[in-house]
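Chemist: Sequence and predicted structure, then a few things I'm wondering about:
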Amino acid sequence: MLRPAAVAGSWYPDHPARLAVEVDRYLDQADLAPAARPRALIAPHAGLMYSGPVAAFAYKLLKNATYRAAVLVGPSHFVPFEGVSIWEAGEWETPFGPVAVDAPLATEVRTACAKVIDLPAAHRREHSLEMQLPFLAHVLPGVPIVPLVMGAQTRETSFELGAALARVLSNDSNVLLIASSDLSHYENAVTASRMDAIMVRHVEALDAEGLMAALEHEPRHACGGGPMVSVLHAARLLGASSSRVLRYADSGDVSGDKSAVVGYLAAAIA
């Protein structure tokens, strides 16, 4: 049950030393005030050179934290399906070594939510979860994961998954939730900033309902909007009371091309 890395060597370095240097550079550049240990994070998932400087703001909060596991929720870019596909056992390959799947926790999640299914094909080419692992495996080495890829990002699926995660984790504060999402795609930077501000506002307000309504009105706001709704909803049910947007940027900040950008957001919920 090894899930081979799909984009190592293209979206991020496949050599552990080179990858560590790049990840550490982004973490060192992320200037953050001290904050409470997060219960959940939102982080982007583009190529590391583009989204890494933003994702680092979320993952820097984990440097002095401890967790027993991390639940990752991201969108399916390649395989259309209904529900949420779980990778329930085994390991995920990374340049830093394999990351184990927390099989007992994964089974609890699958049992708790009828929307969770076994569809390995949804994971094989998918980068939305894989792009979290260069940071997660480096900052929290040895922490196992529960990988969840969402197909159709419907209201029903998003809220059912969030409620199920809250039920499973109601007595366990040592599991981190991570939503993987980029924001608007290929608008000019001015339009992207205006669209993305709607997502930022709902994230800051811990408003899963408002976020879902905005996505239903305009799905182009985010490619992983459903995963963000699930994680916000779960965190709120688990007692989270604050949400902090740590960084917003777009791909043009790296490429220099502001005519067609992708928006990136890093946020922490506690």
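Modeler: Perfect, I can see it now.
Chemist: Tell me how far A137 lies from E93.
Modeler: 10 Å (Cβ to Cβ, to the nearest Å). (Glycine included, C-beta is placed from N, CA and C.)
Chemist: do the same with R247
Modeler: With the distance defined as Cβ to Cβ, R247 ends up 28 Å from E93.
Chemist: and if you look at L237?
Modeler: According to Cβ to Cβ, L237 stands 33 Å off from E93.
Chemist: next one: E216
Modeler: Counting by Cβ to Cβ, the gap from E216 to E93 is 36 Å.
Chemist: So for those two, which sits in the more crowded spot?
Modeler: Neighbour totals were compared for E216 and E93, and E93 leads with 17 against 13 (other Cβ atoms under 10 Å).
Chemist: what's the neighbour count on the nearest residue to that one once chain neighbours are set aside?
Modeler: Leaving aside its sequence neighbours, E93 sits nearest to A5 (Cβ to Cβ, 6 or more residues apart in numbering; 4.6 Å). Neighbour count of A5, defined by other Cβ under 10 Å: 18.
Chemist: Surely A5 is in contact with D14?
Modeler: Yes: the pair A5 and D14 passes the contact test of Cβ atoms under 8 Å, sitting 7.3 Å apart.
Chemist: Now for those two: what residues contact both?
Modeler: Residues touching both A5 and D14 by Cβ atoms under 8 Å, 6 or more residues apart in numbering: P95.
Chemist: What confidence value was assigned to A40?
Modeler: pLDDT recorded at A40 is 98.
Chemist: backbone phi and psi for it, please?
Modeler: The phi/psi pair for A40 (degrees, to the nearest 10) reads phi -150, psi 150.
Chemist: Counting by contacts, list what the one helix or strand S51 maps to packs against.
Modeler: Applying DSSP states H and E as the criterion places S51 in helix 48-59. Helix 48-59 sits against helix 16-29, strand 40-43, helix 133-139, strand 243-250, helix 252-255, strand 261-269, with contacts defined as 3 or more Cβ pairs under 8 Å, 6 or more residues apart in numbering; DSSP states H and E.
Chemist: and the next helix or strand after that helix, C-alpha only, in PDB?
Modeler: Next along the chain after helix 48-59, taking DSSP H and E as the criterion, comes strand 69-75. The C-alpha atoms that make up strand 69-75 are tabulated as PDB, following Å, rounded to 0.1, in the frame of the first residue of the first chain:
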ATOM      1  CA  ALA A  69      -1.600  12.500  13.500                       C
ATOM      2  CA  ALA A  70      -2.700  14.900  10.700                       C
ATOM      3  CA  VAL A  71      -5.900  14.600   8.600                       C
ATOM      4  CA  LEU A  72      -5.400  16.000   5.100                       C
ATOM      5  CA  VAL A  73      -8.400  17.000   3.000                       C
ATOM      6  CA  GLY A  74      -7.800  18.200  -0.600                       C
ATOM      7  CA  PRO A  75      -9.600  18.300  -4.000                       C
END
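Chemist: Next secondary structure after strand 69-75?
Modeler: Defined by DSSP H and E, the subsequent element after strand 69-75 is strand 84-86.
Chemist: quick one: the helix or strand containing V149 to chain centroid distance?
Modeler: Assigned by DSSP H and E, V149 falls within strand 145-150. Relative to its chain's centre, strand 145-150 lies at 10 Å (Cα atoms, centre = their mean, to the nearest Å).
Chemist: Give me the residues contacting that strand.
Modeler: In contact with strand 145-150 (Cβ under 8 Å, 6+ apart) are residues 3, 69-76, 83-87, 92, 99-102, 105-106, 109, 116, 122-123, 126, 128-129, 133, 136, 157-158, 161, 224, 226-227, 230.
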